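Novice: Next one to model:
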Amino acid sequence: KELERIAEMEKAEKVRLEKFATDQKVFYEKMEVKKAKKQASGLQILTFKKGSGKRFKSSIEASINYTMYLANGNMIQSTKDATPFKFILDEKPLIPGVKEAISKMRVGGKVRLFIPYYLGYGEAGGGPFPKKADLIFDLELIFLFPWVIVLPKLNFIGFSSMFLFLFILTIGFVYEWKKG
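Specialist: Coordinates of the predicted model:
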């Protein structure tokens, strides 16, 4: 009886994987995977808008909007109708596929990422992610927070450097003002 139960479970898993593969093919076509540019890592990036703002920096707080799908089209998470996701990449790592793509972006950029499982949540998956789950992200870099906002998060050297910069800037301003 135990062997029959195991055989049924294996059969059900095979059917599930076949359906997932079929759904994935249809969803990838709908999401225009053929227009995406393949990177050396296997990540595919479809750029909707390049962005003309500042280039992303991993040490500065950033704000993004995103929608994350499993490759079969099931939406997992989204900030579309919610608060954008804020993070400092050096302090709060993201999955490798998103990290690779966002490091190439500028503020205002919009992309769609086709992330293979090994640049996502890996072979084991976890939570809402099945084993070897490929992902699709719609991602928009909407804001990089200036140093003033993240000042409390700076270490001593960062704070000292910023203070020295402002001090020299002030002296220069006063000098030019007095000079006329």
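Novice: where does this protein have its least confident helix or strand?
Specialist: helix 147-150 (a mean of 52; mean pLDDT, DSSP states H and E).
Novice: For the chain, give me the ranges with low pLDDT.
Specialist: Residues of the chain meeting the criterion pLDDT under 70: 144-154, 180.
Novice: hey, where'd the strands end up in it?
Specialist: Counting by DSSP state E, the segments of the chain that form strands are 37-38, 44-49, 62-70, 75-78, 85-87, 110-115, 135-144.
Novice: Ok, which of those comes nearest residue 9?
Specialist: strand 62-70 (21.3 Å; C-beta to C-beta). For every residue, glycine as well, the C-beta is placed using N, CA and C.
Novice: Using CSV, lay out the strands of the chain together with distance to residue 129 and mean neighbour count.
Specialist: Below are the strands of the chain laid out as CSV (distance: least, C-beta to C-beta, whole Å; neighbours: other C-beta atoms under 10 Å):
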stretch, distance to residue 129, mean neighbour count
strand 37-38, 22, 10
strand 44-49, 19, 17
strand 62-70, 7, 19
strand 75-78, 8, 13
strand 85-87, 18, 15
strand 110-115, 11, 22
strand 135-144, 8, 21
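Novice: Out of the ones you listed, which is closest to residue 21?
Specialist: Among the strands of the chain, the nearest to residue 21 by C-beta to C-beta is strand 62-70 (12.2 Å).
Novice: now what about the closest one, what contacts it?
Specialist: With contacts defined as C-beta atoms under 8 Å, 6 or more residues apart in numbering, strand 62-70 is touched by 27, 31, 56, 75-80, 84-89, 102, 128-130, 133-145.
Novice: Let's see that with 7 Å instead.
Specialist: For strand 62-70, contacts defined as C-beta atoms under 7 Å, 6 or more residues apart in numbering pick out 56, 75-80, 84-87, 133, 135-144.
Novice: centre of the chain versus it, how much separation?
Specialist: 6 Å (C-alpha atoms, centre = their mean, to the nearest Å).
Novice: Just checking: what are the partner strands of it?
Specialist: Within its sheet, strand 62-70 is paired with strand 75-78 (antiparallel), strand 85-87 (antiparallel), strand 135-144 (antiparallel), according to DSSP bridges.
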